[in-house]
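>>> sequence plus the predicted model coming up.
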Amino acid sequence: MTALPGSLDSTTLVVDLPLGTTLADLLPGLEPSGVWLLRGEGLIGLGTTAHVRTRGAERFAELAEWHAQHLTPLAETSPLPDELRGIPGAGPVALTSITYSSTSGADSHLILPELILGAAEGTAWVTAVVRTSALDEPIDAEDDAARLSQVQQLLAKHALQLREGRLSLADPGETGSAGAGTAEVGTSAATSLIQGAHSEQHYLQAVRAGVQAIGHRRLEKLVLARDVVVAADAPLATGPVLAALAADYADCWTYLAGDVLGATPEMLVKIRGRQLSARVLAGTVDGGTGLQQARALLLEDPKQRDEHRLAAQSLLDQLAPVAQHLHAQDPPAVLQLPNVFHLSTDVTGELTAQTPALLVAERAHPTAAICGTPTATAAELISTLEGLDRGAFSGPVGWLDAQGNADFGIALRGGVLEEQGTQIRLFAGCGIVAGSDPEEELAETWAKMRPMLGALGVRQP
Ligand SMILES: C=C(O[C@@H]1C=C(C(=O)O)C=C[C@H]1O)C(=O)O
């Protein structure tokens, strides 16, 4: 864990975006350190004021402690402009990605960007977060001119400008920013698809073994994943990749935190004060199926309904010790995405105590949507059958603000950057239950990788 010398100071200004544009429109010209966007609104982080890395069984607790020590105090010391009070995510936020497994060899991350662009409920803002020890002299809370100039400097550093209250990309040639320049290299990087840790045959074999274990009544469900690698001839520029995901999958949360990025349709847990909500997905058919047929295939198939029921139930069971009035939509709905249809259950509830958001996420994770039932048996079988270190894939990903609000999606439909950003390992998994067909599950993994393959300019074989 990284200690943070000195305390933090933050400034938030309400800004306008150019008419008819959203935050997502800025992405192609930026090199973000964190992203969380849904339908054009959300957060873009730039640069880092602090980056905490941790591993192991205490990873949630350690990040929660860091959040309480460093981010929470800013709610008191750096008040928000009136227009932003009560807007979740406004002001200083940390983006986070946490590994699926406590035994992963990969880091879990909490990143506090130095500059955050935010938009929610039709209002946009910029927030600068600095270490007071990095300032020549402390900035007076009331010194608006000094605060504006500090924000302007950080904007220029990241290829942005604020003119008459309007935020936009800097005019070409205006700044010496690294952002715009490298983005161009990245968009033109040639990409190719190569095998991941294992072959398709290995996956088919793993699914067969999973179905067999279910047949022997060792467990009811397990989620088996596979990986492929997209290699590029230059570092990938994440801004344009994320912009493509945000444009094509507007109903998914487009994310970047630590080394993982993607566009996920699944919300592990969203926390707003004491209120919590979630969106559980499980049960999938290919997007090429018409809506009418997809509804029948999902809602009327006992196998799909069972697979879904186990996922929803696992979340309710895992949240029960910290929440009350838990309510799950019943029957599930059908969620239509460009690549797939899912059975979907929205869950709501109320936290019974002031449990820190990261510890609520720890409780909720892993659901049977990405692990299985019973959890421990599924987790053990996954580690032997998959033969993968999932890293951040299928772990919680999202943001936390200083007030304790948070979004934790499940890091699906994404990939992990490797080799200095010149390659990205894509993952996708499928829920296996009695009667699962290995070939169909393999096809489903390709359908789930389609968003990333498309954004990276790689054709599905
Ligand atoms: C595991 C993934 O997705 C999960 C598994 C699903 C399924 O098996 O039907 C559906 C949605 C997700 O909960 C993935 O996208 O990799």
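That came in fine, so what should we check first? Residues are numbered from 1 along each chain as shown.

>>> from here on, just use CA atoms for contacts and neighbour counts.
OK.

>>> quick check: the residue nearest to residue 98 when sequence neighbours are not counted vs residue 63, distance?
In space, and not counting its chain neighbours, residue 98 is closest to residue 108: 4.4 Å by Cα to Cα, 6 or more residues apart in numbering. For residue 108, the distance to residue 63 equals 9 Å [Cα to Cα, to the nearest Å].

>>> shared neighbours of those two, which are they?
Common neighbours of residue 108 and residue 63, using Cα atoms under 8 Å, 6 or more residues apart in numbering, are residue 54.

>>> specify the beta-bridge partners of the residue nearest to residue 274 when sequence neighbours are not counted.
Closest residue to residue 274 apart from its sequence neighbours, by Cα to Cα, 6+ apart: residue 351 at 5.1 Å. Note on residue 351: beta-bridge partners residue 323, judged by DSSP bridges.

>>> now residue 118
According to DSSP bridges, beta-bridge pairing links residue 118 with residue 43, residue 125.

>>> check residue 408 too.
Here residue 408, judged by DSSP bridges, has bridge partners residue 269, residue 398.

>>> excluding chain neighbours, what is closest to residue 346?
Nearest non-adjacent residue to residue 346, counting by Cα to Cα, 6+ apart: residue 279, 4.5 Å away.

>>> measure the one you found to the ligand for me?
Remark: distance between residue 279 and the ligand (Cα to the nearest ligand atom, to the nearest Å) = 9 Å.

>>> now the helix or strand encompassing that residue: mean pLDDT?
Element membership for residue 279, per DSSP states H and E: strand 275-286. Mean per-residue pLDDT for strand 275-286: 98.

>>> the helix or strand following that strand and the ligand, are they touching?
On the C-terminal side of strand 275-286, the closest following helix or strand by DSSP H and E is helix 291-299. No. Judged by Cα under 6 Å from any ligand atom, helix 291-299 stays clear of the ligand, getting no closer than 9.9 Å.

>>> may I see the buried residues of helix 291-299?
Neighbour-count burial for helix 291-299 flags 294, 295, 297, 298, 299 (criterion: 16 or more other Cα atoms under 10 Å).

>>> just after the helix or strand bottoming out on mean pLDDT in the chain, pick out the following helix or strand.
For the chain, counting by mean pLDDT, DSSP states H and E, helix 178-187 ranks last in confidence among helices and strands (a mean of 39). For helix 178-187, the following helix or strand on the C-terminal side (DSSP H and E) is strand 191-195.

>>> list the strands paired with that next one, with their directions.
strand 221-232 (antiparallel).

>>> mind checking which of residue 108 and residue 63 has more residues around it?
residue 108 (28 against 22; other Cα atoms under 10 Å).

>>> so where's this protein shaky on pLDDT?
Along the chain, segments meeting pLDDT under 70 span 1-6, 173-188.

>>> that one against the ligand: which residues are in contact?
So the chain meets the ligand at 281-284, 369-370, 412-413, 428-431, 448 (Cα under 6 Å from any ligand atom).
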